[in-house]
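[1] Please find the sequence and the predicted model below.
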Amino acid sequence: MKKNMVAAGILLFAFIVPGGIFAEAGKAISPAMAETFARAGLSVLKERTRVPGFGAPLSGGGNISLKGLEGKVVFLNFWATWCGPCRQEMPSMENLYRRYRSRGLEILAVNVQENEKDVAAFMKRYKLSFPAAMDKSGEISGEYGIYAFPTSLILDRDGAALALVVGSIRWDTPEINAAFEALLAD
């Protein structure tokens, strides 16, 4: 069932969204990169796809913008504290973040329509060190066409989406590490 959810999400992203709010299809993803992602169980889009920029307040204070993360590989995750699959995947996301942060990986967990107190408690309980942006109104997730939690997008250093995963997976497997190694070296 999980593979069907992921496939449905990729179809939605690849065929519906780029014709709508996502613009500027870019260069094709290299066959080597696509193969590395496939070995990790991650499907890539046919082309690198520009995503909408946004700015948001951070849980704990401050602000963040997607534009401010240019030059980094960005793991953009839409989630909620009440989401069981989100709770399952977040520890593996933390492992991935700790492993690759110094090499240019940024994880931005965008919490959708919850209060900051609950988000801060969640982040503390699960010992998560990556930033949590607050999409209090749901505007950001709406602009991205998010319909399920968790939903994750992997963006290259130019800010273009390479892959979309709808549903929870383990993000710290050797195969996924190899995919991020390749992406961070690209």
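    Received, thanks. From a predicted model like this one, the values you see are computed outputs, not experimental measurements.

[2] mind listing what A34 touches?
    Contact partners of A34, counting by Cβ atoms under 8 Å, 6 or more residues apart in numbering, are V44. The C-beta positions use only the backbone N, C-alpha and C, and glycine is treated the same way.

[3] before we move on, what SS does it have?
    Following DSSP: H, G, I helix; E, B strand; the rest coil, we place A34 in the helix state.

[4] just F180 next, same as before
    Taken by three-state DSSP, the conformation at F180 corresponds to helix.

[5] Work out for me the element L184 sits within.
    Using DSSP states H and E, L184 maps to helix 174-185.

[6] and if you look at P91?
    Taking DSSP H and E as the criterion, P91 maps to helix 84-100.

[7] List the contacts of that helix.
    Where contact means Cβ under 8 Å, 6+ apart, the residues beyond helix 84-100 that reach it are 73, 75, 77, 79-80, 105, 107, 109, 126-130, 149-150, 167-172, 176-177, 180, 184.

[8] give me that answer again for 7 Å
    The contact list for helix 84-100 (Cβ atoms under 7 Å, 6 or more residues apart in numbering) reads 77, 79-80, 105, 107, 126-130, 149-150, 167-172, 177, 180, 184.

[9] Go ahead and confirm L184 touches V73.
    Yes - look at L184 against V73 with Cβ atoms under 7 Å: they come within range, at 5.7 Å.

[10] So for the two, which residue has more residues nearby?
    Comparing L184 with V73 by other Cβ atoms under 10 Å, the one with more neighbours is V73, at 20 against 15.

[11] For G142, see how far away the closest residue to G104 other than its chain neighbours is.
    Here the nearest residue to G104 in space, its sequence neighbours aside, is K72; by Cβ to Cβ, 6 or more residues apart in numbering that works out to 5.0 Å. As for K72, its distance to G142 is 25 Å (criterion: Cβ to Cβ, to the nearest Å).
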